[in-house]
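K.L.:
Prediction below, plus the sequence it came from.
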Amino acid sequence: MTLLLLKNADYIVTCDDNDSVFKNCDLLVEDKQIKLIAKNITSDIQVDETINCSGKAIFPGLVNTHHHFFQTFVRNRLSIDYPSMTVIEWLDKIYRVFCRMDEEMLYYSSLIAMSDLMKHGCTTAFDHQYCYTKPNGRHMIDQSVKAAEMLGVRYVGGRGTNTLPREKGSTIPPDMLETTEEFILDCERLINTYHDPNPFAMSQIVVAPCQPVNCYPETFTESVSLSRKHNVFMHTHLGEGENPNIVDRYGMRTLDWCIEKEFIGEDVWFAHCWELTPKEFETLGHYGSGVSHCPAPAVLGGFPILDMKQILSTDTTISLGVDGSATNDGSNLLDTLRLAFMMQAYHSKDRGGTVAPYDIVKMATRGGAKSLGRQEVGYLATGMAADLFALDISRLEFVGALHDIRNLIPRLGYTSEVDFTMINGEIVFRDGELTRVNEDELKQQADKSQQRINLIIDQEV
């Protein structure tokens with residue numbers, strides 16, 4: 001048994017059912033769980049480590065519900081400038097690069113994405129990995145699992161796919177296509193190999209066909225059968241501009257198509273959804289499904305801004321995602337909190353107000369946990385996972401900004417590295433350093449993969 005005491009934190013923001021905030025309080029961790037939150041936890045308890053948290057605010061670990069780790073090597077490139085291109089132009093360029101990615105590139109790309117997430121308070125990271133190419137095989141998620149184990153992050157891997165060829169209406173090049181049978185067989189392999197159904201699991205698998213417009217219908221129906229056979233969750237892109245194509249192809253909107261395929265329910269959450277109507281959000285709430293709101297690609301793409309007040313009134317769960325680096329560039333979930341709040345505030349006058357900054361925090365914690373079906377993460381309380389992060393609020397720039405600590409991050413726009421991040425009871429990032437790895441060595445290795453990607457981009461873009 002390992003005991004770790006976080007001593008005398010100025011604030012502990014719990015995000016619990018009562019929205020409790022503890023002042024000048026201690027938090028005791030036993031192995032992977034929170035054992036106690038209280039003032040002046042007795043000093044006669046033999047602890048393995050005491051961390052002085054005076055001047056610090058502690059928050060629940062953030063849960064990221066949408067990403068594409070494989071995209072981190074194509075960031076900040078004017079030759080692939082998403083805001084300045086049509087979607088079709090952008091896809092044509094980006095897929096030429098993705099078609100040639102291999103497992104080593106994916107491994108280092110995953111390390112970069114997860115490191116960025118962890119340094120900014122994320123403790124549970126979902127990745128939607130749909131880049132499977134004929135030349136490079138089907139062991140991409142295996143590489144992400146390996147990277148997550150090295151870093152110590154709580155990892156959820158979404159096994160994606162694209163099965164519909166371009167001649168039948170998709171945007172996917174031939175080398176990135178799979179058959180439904182290949183996809184389902186590999187999903188089953190991954191579930192049997194990496195999915196831990198137990199509380200406090202560090203590795204889980206989600207069945208996540210990329211999107212209805214780029215898959216055969218049977219890809220989705222067989223995904224439903226497989227996931228419910230194994231009691232795993234499902235995920236896909238929905239309502240990000242594909243509705244006219246789906247209506248032309250099937251005579252119904254995409255959400256209705258998903259309902260027809262039974263790809264709906266409390267075990268399903270969807271990414272983006274800016275194209276959905278208020279009535280469709282009521283339908284999502286009725287079925288208990290969730291939405292991963294990704295503000296960065298919405299801003300960069302000039303897409304509609306979700307009406308969170310209306311969505312929350314339907315009992316639809318909202319979580320937050322940074323999205324892939326091809327449409328965001330960073331994996332900073334703190335930045336996503338700020339951007340999400342600012343986007344809502346922009347429409348506050350014509351929508352009759354907006355959600356509170358603290359509501360955004362709860363989307364990134366409790367909302368993310370609920371979307372992933374994780375009952376042991378998302379808030380801080382006795383018995384919950386010891387997943388949390390701390391901010392040093394003793395610095396000059398915080399003077400005058402601590403009137404409501406719950407609202408601090410989205411309202412103030414705090415997007416810097418956190419003071420420390422704890423996952424599963426272990427400090428995995430502290431004082432600017434990942435504790436499990438040598439960052440300098442990893443950077444040198446990742447640079448070599450980046451150079452290989454650069455050659456591909458020079459040839460293809």
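P.N.:
Noted; the coordinates are in hand.
K.L.:
I'd like the distance between Glu242 and Asn162.
P.N.:
Relative to Asn162, Glu242 is positioned 13 Å away (C-beta to C-beta, to the nearest Å). Glycine gets a C-beta too; all of them are placed from N, C-alpha and C.
K.L.:
Between those two, tell me which one has more neighbours.
P.N.:
Asn162 (25 against 21; other C-beta atoms under 10 Å).
K.L.:
Let me know the helix or strand that that one is in.
P.N.:
Asn162 is part of no helix or strand, with elements assigned from DSSP states H and E.
K.L.:
In the stretch 301-450 of the chain, what residue spans correspond to strands?
P.N.:
317-320, 388-392, 420-423, 426-430, 433-434 (DSSP state E, counting those that start in this stretch).
K.L.:
Let's have the ones you listed in CSV, adding mean pLDDT and mean neighbour count.
P.N.:
Converted to CSV, those look like this (pLDDT from 0 to 100; neighbours: other C-beta atoms under 10 Å):
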stretch, mean pLDDT, mean neighbour count
strand 317-320, 99, 27
strand 388-392, 99, 25
strand 420-423, 99, 26
strand 426-430, 99, 19
strand 433-434, 98, 16
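K.L.:
Between those, which one is closest to Lys32.
P.N.:
Closest to Lys32 of the strands of the stretch 301-450 of the chain, according to C-beta to C-beta: strand 426-430, at 8.1 Å.
K.L.:
Parallel or antiparallel, which strands does that closest one pair with?
P.N.:
Applying DSSP bridges, strand 426-430 is found paired with strand 420-423 (antiparallel), strand 433-434 (antiparallel).
K.L.:
I'd like to know which of those strands lies nearest to Val224.
P.N.:
strand 420-423 (31.4 Å).
K.L.:
now what about the closest one, what contacts it?
P.N.:
Residues from elsewhere that reach strand 420-423 (C-beta atoms under 8 Å, 6 or more residues apart in numbering): 29, 51, 61, 118-119, 121-123, 152-154, 386-390, 427-431.
K.L.:
What of stretch 451-461?
P.N.:
Phe73, Val74, Arg77, Ser79, Ile80, Lys93, Arg96, Val97, Arg100, Met101, Met105.
K.L.:
With distance to His293 as new columns, can the strands paired with strand 426-430 be given to me in JSON lines?
P.N.:
Shown next, in JSON lines, are the strands paired with strand 426-430 (distance: least, C-beta to C-beta, whole Å):
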{"stretch": "strand 420-423", "distance to His293": "23"}
{"stretch": "strand 433-434", "distance to His293": "28"}
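K.L.:
Identify whichever of those strands lies nearest to Glu441.
P.N.:
Of these, nearest to Glu441 by C-beta to C-beta is strand 433-434, at 11.4 Å.
K.L.:
in a strand, that's where Leu27 is, yeah?
P.N.:
Yes: applying DSSP: H, G, I helix; E, B strand; the rest coil, one finds Leu27 inside a strand.
K.L.:
ok, the closest residue to Glu240 other than its chain neighbours - how many residues close by?
P.N.:
Distances taken as C-beta to C-beta, 6 or more residues apart in numbering place His272 nearest to Glu240, at 4.2 Å, with adjacent residues excluded. Neighbourhood size, His272 [other C-beta under 10 Å]: 25.
K.L.:
What of the one 5 residues further on?
P.N.:
Neighbours of Thr277 under the rule other C-beta under 10 Å: 12.
K.L.:
quick one: pLDDT of it?
P.N.:
pLDDT for Thr277: 98.
K.L.:
give me every residue that touches it.
P.N.:
Contacts of Thr277 (C-beta under 8 Å, 6+ apart): none.
K.L.:
What spatial separation is found between it and Ser371?
P.N.:
If you go by C-beta to C-beta, the gap between Thr277 and Ser371 works out to 21 Å.
K.L.:
swap in Arg159?
P.N.:
From Arg159 over to Ser371 (counting by C-beta to C-beta), the distance is 17 Å.
K.L.:
before we move on, what about Asp323?
P.N.:
15 Å.
K.L.:
Pick out whichever of these two has more residues nearby.
P.N.:
Ser371 (30 against 27).
K.L.:
who are the neighbours in contact with the residue lying closest to Lys56 once chain neighbours are set aside?
P.N.:
Spatial nearest neighbour of Lys56, chain neighbours left out: Ala390 (4.5 Å); criterion: C-beta to C-beta, 6+ apart. For Ala390, the contact set (C-beta under 8 Å, 6+ apart) comprises Leu6, Ala9, Cys53, Lys56, Ala57, Ile58, Phe59, Val418, Asp419, Phe420.
K.L.:
Would you mind naming the residues that pair with the nearest residue to the last one once chain neighbours are set aside in a beta bridge?
P.N.:
Take Phe420 and drop its neighbours on the chain: the residue closest to it by C-beta to C-beta, 6+ apart is Arg430, 4.1 Å away. When bridges are called by DSSP bridges, Arg430 pairs up with Phe420, Glu433.
K.L.:
So Arg430 sits against Asp419, correct?
P.N.:
Yes: the pair Arg430 / Asp419 is scored as a contact, 7.5 Å apart, by C-beta atoms under 8 Å.
K.L.:
Any stretches of the stretch 201-350 of the chain with poor pLDDT?
P.N.:
By pLDDT under 70, the stretch 201-350 of the chain contains no weakly predicted segment.
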